[in-house]
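**Q** Make a model of this:
(4 chains)
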2 protein chains.
Amino acid sequence: MATQLPRPLDEREMSAWHALIRSHNRVMRRLEAELESEQRLSLPAYEVLAHLSEAPDQRLRMSELAVHAVLSPSGLTRLVDKLAREGLVSRARCDADARVIYAVLTPEGLARLEAAYPVHLRGVREHFLDHLSEQQCEAIADALGELSGVGPADCAAAAEVEAVAAADCDAAEVLRDAAGAQFVEAP
Amino acid sequence: MATQLPRPLDEREMSAWHALIRSHNRVMRRLEAELESEQRLSLPAYEVLAHLSEAPDQRLRMSELAVHAVLSPSGLTRLVDKLAREGLVSRARCDADARVIYAVLTPEGLARLEAAYPVHLRGVREHFLDHLSEQQCEAIADALGELSGVGPADCAAAAEVEAVAAADCDAAEVLRDAAGAQFVEAP
DNA sequence: GGCATTTTATTGCATTCACAAATACCTGCT
DNA sequence: AGCAGGTATTTGTGAATGCAATAAAATGCC
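**A** Residues are numbered from 1 along each chain as shown, chains lettered A, B, ... in the order given. The predicted structure is shown next:
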C-alpha cells in the first residue's frame, strides 16, 4: 500500500531547509553564549527589554510581548517574573481593562539594555550579517520576511529604530532616541 | 563616556535578522506540533531517526549525531535514551574504540520514521518551501548555507538522499533506497 | 441585570535541555 | 610499561519551556 507522498525535496530545497535549521542554531547559540557570559542576559530576556524600550511609554501588554519575543504566554509570564525580581521591569495594571498587565521597563532595565546592546549588535554583525552580501541580506529579508508572520510595514518601522543611530556614537543615546518610537504591533 | 559601537543595523539588515528569527520560530513550531500530534515524535527525535536511516549500516556515533541533530551531547544522550526505551534505536559498542557508542536504527525505528516521513515532508513544503520561489530557495541555500557550518559538499550529498525519490511513490521505498547513502561528516 | 462566551494572564505539572563534573578510554611520549 | 593529555559519553543539577487547567475580567446576548 503506497502512501501518497508530497513531492520529495530536491537538492536545492534540501539545502535551503537544512541551511535554515543549522544556521539559525549556530548563530543563536553563539549570540546567546556571548550575551550570557558578558552581560548575564539570555536572548529572550534581551528581546523583552529591547521591545519594551521601543514601545510607547516603554510598556507593553504581556500578550503583545509574547508575540514579539519568541516565547509562549506562560514562558513570558515566567521570564517577566524573573526580570521583575531583578528589578529590570515592573508590572502595571491597565485602567481600562483589569485583565491586562503591562510590563514596564525600569531605569535599571534600560541601563542593563544599554550595556547589552553593543554586545548583541556586535554578535549579530559578526555571526550573521558579516557573512552576507547586500544582495543576500535583501534576499533573506524578502524570502523569510513573508514567512515571519509580520507585515513588511512592521519590519520597516522596527528597522528605523536602530537605523537612526550613527556608526560612532554612545549606546545610551541611541536607545534613548529610539525609546520614543512606537511600532510594535501584533500580527 | 561614549561606548564605541559597531555600525547599527540599517533597515535591510534589521529585516533580515528579524525574518530569520521569526520565520524559523514559526515554521519549527508548526512542524513540531504536527509531527507531535500526528505521529508522537518530537522534531529532534525525527531528525535523529532520519539521520540514522541515511547513515551506513543505519548507525552513527553519538557525537556525530549530536552535531547533525541540533542538540548538545548531553541532550542527545537523553534523547537516545528515550528512543531506546521506545525501541526505536539501540546502542552498540564500537570494537575499535571502546569509548564510542553507536546509535543504531531498529526495524521499529525505521517503521516509525516511514510513518512520520510524509507528515514531515508535507510540513516542510507547506510551511516553508511553498512560500518560496525557486530563486528565493536558492538564495537561502547559498546565503545561509555558508553560515550553517557544513561544507557545500555535505549539503549536496544529503540532498540526493531525498532527491532520488520520485514524486509519487511509497514512503518506505524512498527510505530504504536512501539507507545506503553515506555522507554524514562532522565539521 | 444576568448568564454564556471569549479574552488575558497565571500556575501546576511534566518535559526538555544545557553546562559542568565525572567516567572510561585512547594516544603519544618518555 | 606508565603517565600526561585529550576524546567520547554519561550523569548531576538547575533552569527554561510548553501545554492544559485555572482565575479573573470583559463582552455579547437574552
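**Q** Report the helix or strand with the lowest average pLDDT across chain A.
**A** helix A:152-163 (a mean of 44; mean pLDDT, DSSP states H and E).
**Q** What ranges does chain A have for its strands?
**A** A:59-61, A:89-93, A:101-105 (DSSP state E).
**Q** how close does the residue sitting nearest the centre point of chain A get to residue A:76?
**A** Geometric centre of chain A, nearest residue: residue A:47, 4.3 Å, by C-alpha atoms, centre = their mean. Distance, residue A:47 to residue A:76, by C-beta to C-beta, to the nearest Å: 10 Å. C-beta here means a position set from N, CA and C on the backbone, and glycine is covered the same way.
**Q** joint contacts of the two?
**A** residue A:69 (C-beta atoms under 8 Å, 6 or more residues apart in numbering or on different chains).
**Q** what ranges of chain A fall below the confidence cut-off?
**A** Applying pLDDT under 70 to chain A flags residues A:1-3, A:149-187.
**Q** Show the residue spans covered by the helices in it.
**A** With helices called from DSSP state H, chain A shows them at A:11-39, A:43-54, A:62-68, A:73-85, A:107-127, A:134-147, A:152-163, A:171-178.
**Q** who in chain A is up against DNA strand C?
**A** A:29, A:33, A:61-63, A:66, A:73-74, A:76-78, A:80-81, A:91, A:97, A:99-101 (C-beta under 7 Å from any atom of the strand).
**Q** near DNA strand D too, which of those?
**A** Contacts with DNA strand D within those, as defined by C-beta under 7 Å from any atom of the strand: A:73, A:74, A:78, A:97, A:99.
**Q** With distance to chain B added, can I get these in TSV?
**A** TSV is the format used below for those (distance: C-beta to the nearest C-beta, whole Å):
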residue	distance to chain B
A:73	13
A:74	14
A:78	18
A:97	27
A:99	25
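**Q** from the residues you listed, which two are the most distant?
**A** Spanning the widest gap among these are A:78 and A:97, at 22.3 Å by C-beta to C-beta.
**Q** Looking at these two, which is more packed in?
**A** residue A:78 (12 against 9; other C-beta atoms under 10 Å in any protein chain shown).
**Q** Pick the most buried one from the strands of chain A.
**A** strand A:101-105 (a mean of 22; mean count of other C-beta atoms under 10 Å in any protein chain shown).
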